[in-house]
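1. sequence isn't available, so here's the structure alone:
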């Protein structure tokens, strides 16, 4: 532990940037609303308004960008950024020699291990019919820091690689002629700075670029910005935000209608909520009183409705509904907005440590899935940001092994995954990328306000998605006071802006007495007993779960990772054994038993995935290999997961119940534990010195693997392959 405390302070040195977050909470007529780039944060669901999809071929030029300048407040830094640009932001710049690149996508798909920065440019026309409309430019996500110009006008910036942002481009756009969009993208290498999120060497791929769709949307100056639904089992509360970007509008009326959704083969992959609307007669309709919207005014309208015995959304029965908001001015329809949602309720039982979904205690069997597609063949690897069709194939694999929950890696989920989770029926745990944070990096990040903004952006984007049941606030992080304070602040933000999900973190399973989840809803852990620490997977896991339950007895415990690589020593047989023994301990404590408290069991991972860990290309933790092969462990996962019940089970016969794992006491830490801890708190020593860099850049978990490899080499054997997430 002393070693861990020393290593925890060994992070990249230097002053933190002072670039401020762009999302704030502002006052509007009717109540507070979220504001970003001078406009209320809009929906990022695809609407039936006039829209130009800017996906396709863009131009790209890799460039060395000044990271210190980029992370400096724009009031001081923008002149330097423009000077560095040397005209790249101007519409008349000659980009003919730049590389053609697909958007959405990545500049550096696997096996390209670089983390480059550079410039994107695109030329497109806007129709004359858009004259007099309000124009919004929307980005699904840009990794990591984007500055945006339209026709030479700087629109603003956004920091954070997985969440969306938008600009009002009405004034900057050129109607009826060519427009030029320029995006400067800085993507600092992980481990090079301690003031970015994530800061250290993380165990997923650092895709550079415009990784999500980009589009420009036209609306009436008076338009619905968003509708947020807080579902109950017999109705819902609604918040509608309306913006008037034009002149005074009198006799304005807002209508809200509720329809059933019909998900079928034709619309399953259609991202537009309108495509799911079934029928022409609404289940419920409400007309808000006529009002006058002043020029430039943003209005918040709160309401709600009751529905008798609505179909309830759950992973087993993913019944969806569509809400339609219609804006009329002077009796004429000027705008429509559609969103899908589901009637569902997720809570913690006040009388016992169980997650309750729609009145039933649940233990959710799940798999983890990084936002990437990896193909491995004949010793070569190729990867990409997955398309919706490829994500559908991944979820079919998840369903095949009995999973009802997806842990969406360590960052806000791909919206295409959430569309399909809503429609096919998967619970989702998504999180902000506070990955292996230390007391120092917690303080830096929270002071800058980045985790707070990322959480708000994730919550606002996914407010109406019934599949998102959990918001994760950190993963395998260290320290107590700084971490507990950060988690408490983030939980309060989540409650204020959302309140319809449960909050948690993924703590280290070897420290099951961790108290930092006290302010959160659930007590989450990663469990690698018999893999990276301890020797007995079943007894070690059972002991850790018992300790976690004693420490915070009112909170459900969620096992958010357990697993093992399929290559190296023991190979697939060892992977299968780890699942069998660890899952026996986890499921013996399932919360559907009257004395149980475990609400989730998530295998790491569904598929193999590419990693930026030094000297390691692919993590072979998957139930399915990157070559497409289903591994033997998948059969055991399916057998254990597919029949897990919802709701309280009958009391077992104590003479016949042989599934309880015996908790023999705390797991004894070994060499792998020290290495595991060292990675979590000190991985970025790689940038401080060659010797310590070699020690830590591979990660604590890979240090354990290297010790194993050295032992094998001494025995005349060798092993290659993946390490833990």
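-> Received the coordinates, thanks. As the structure is a prediction and not an experimental result, all values here were calculated from the model.

2. show me the contacts for residue 313.
-> Residue 313 makes contact with 231, 319-320, 342-344, 422, 466 under the criterion C-beta atoms under 8 Å, 6 or more residues apart in numbering. Where C-beta positions appear, they are placed from N, C-alpha and C, glycine not excepted.

3. helices of the stretch 501-650 of the chain, start to end?
-> Assigned by DSSP state H, counting those that start in this stretch, the helices in the stretch 501-650 of the chain fall at 537-551, 571-588, 633-641.

4. can you tell which of these is closest to residue 651?
-> helix 571-588 (14.6 Å; C-beta to C-beta).

5. got the angle for the closest one vs helix 537-551?
-> Angle of helix 571-588 versus helix 537-551, following axes from the mean of the first three to the mean of the last three C-alpha atoms, to 10 degrees, is 30 degrees.

6. list the buried residues of helix 571-588.
-> By neighbour count on 16 or more other C-beta atoms under 10 Å, the buried set for helix 571-588 is 571-572, 574-588.

7. return the helix or strand in the protein with minimum mean pLDDT.
-> Least confident helix or strand, the chain: helix 690-696 with a mean of 30, by mean pLDDT, DSSP states H and E.

8. residue nearest the centroid of the chain?
-> residue 412 (1.4 Å; C-alpha atoms, centre = their mean).

9. residue 553: which of the contacts of residue 313 is nearest?
-> residue 344 (26.7 Å).

10. okay, the closest one and residue 468: tell me how far apart.
-> The spacing between residue 344 and residue 468, counted by C-beta to C-beta, to the nearest Å, is 11 Å.

11. distance of residue 412 relative to residue 147?
-> Taking C-beta to C-beta, one finds residue 412 at 21 Å from residue 147.

12. ok, residue 572 next?
-> 48 Å.

13. got the contact list for stretch 86-106?
-> So stretch 86-106 is contacted by 54-61, 82, 107, 119-122, 140, 149, 151-152, 154, 178-180, 182, 184, 207-214, 384-385 (C-beta under 8 Å, 6+ apart).

14. hang on, the earlier thing: in a markdown table: the helices of the stretch 501-650 of the chain, plus mean pLDDT and distance to residue 460.
-> Putting those into a markdown table (pLDDT from 0 to 100; distance: least, C-beta to C-beta, whole Å) gives the following:
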| stretch | mean pLDDT | distance to residue 460 |
| --- | --- | --- |
| helix 537-551 | 98 | 32 |
| helix 571-588 | 98 | 33 |
| helix 633-641 | 97 | 32 |
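
15. as a markdown table, the ones you listed with distance to residue 161 would be great.
-> Listed next are the helices of the stretch 501-650 of the chain as a markdown table, based on distance: least, C-beta to C-beta, whole Å:
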| stretch | distance to residue 161 |
| --- | --- |
| helix 537-551 | 32 |
| helix 571-588 | 31 |
| helix 633-641 | 31 |
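
16. for residue 257, which of those is the nearest?
-> Residue 257 lies closest to helix 633-641 among those, at 38.9 Å (C-beta to C-beta).

17. other SSEs contacting that closest one?
-> strand 364-368, helix 571-588 (3 or more C-beta pairs under 8 Å, 6 or more residues apart in numbering; DSSP states H and E).

18. from the chain's centroid, how far away is that helix?
-> Remark: helix 633-641 is offset 26 Å from the chain centroid, using C-alpha atoms, centre = their mean, to the nearest Å.

19. tell me which residues of that helix come out buried.
-> For helix 633-641, by 16+ other C-beta under 10 Å, it's 633-634, 636-638, 640-641.

20. now the element after the longest strand anywhere in the chain, going C-ward?
-> Across the chain, the longest stretch assigned as strand under DSSP state E is strand 249-260. Downstream of strand 249-260, the first helix or strand assigned by DSSP states H and E is strand 284-287.

21. can you give me the helices in the stretch 51-200 of the chain?
-> Counting by DSSP H, counting those that start in this stretch, the helices of the stretch 51-200 of the chain are 67-70, 74-85.

22. any chance of a markdown table for those helices, columns distance to residue 456 and mean pLDDT?
-> What follows is those, written out as a markdown table (distance: least, C-beta to C-beta, whole Å; pLDDT from 0 to 100):
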| stretch | distance to residue 456 | mean pLDDT |
| --- | --- | --- |
| helix 67-70 | 22 | 97 |
| helix 74-85 | 20 | 98 |
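
23. quickly compare those and say which is most buried.
-> helix 67-70 (a mean of 18; mean count of other C-beta atoms under 10 Å).

24. elements contacting that one?
-> helix 74-85.

25. does anything pack onto the helix it packs on? Which helices or strands?
-> Identification of packing neighbours for helix 74-85 by 3+ C-beta pairs under 8 Å, 6+ apart yields helix 67-70, strand 153-159.

26. hmm, 7 Å instead?
-> In terms of contacts (3 or more C-beta pairs under 7 Å, 6 or more residues apart in numbering; DSSP states H and E), helix 74-85 is packed against helix 67-70.

27. how distant is the helix it packs on from the center of its chain?
-> That offset, for helix 67-70, works out to 26 Å (C-alpha atoms, centre = their mean).

28. same question for stretch 523-534.
-> 23 Å.

29. rewinding a little: quickly name whichever of the buried residues of helix 633-641 is closest to residue 284.
-> Ranked by distance to residue 284 (C-beta to C-beta), the buried residues of helix 633-641 are led by residue 641 at 37.1 Å.

30. returning to that earlier point: widest-spaced pair of the buried residues of helix 633-641?
-> 633 and 641 (11.7 Å).

31. which residue packs closest to residue 422, ignoring adjacent ones?
-> Of all residues not flanking residue 422 in the chain, residue 467 sits nearest, at 4.8 Å (C-beta to C-beta, 6 or more residues apart in numbering).

32. alright, that wraps it up for me.
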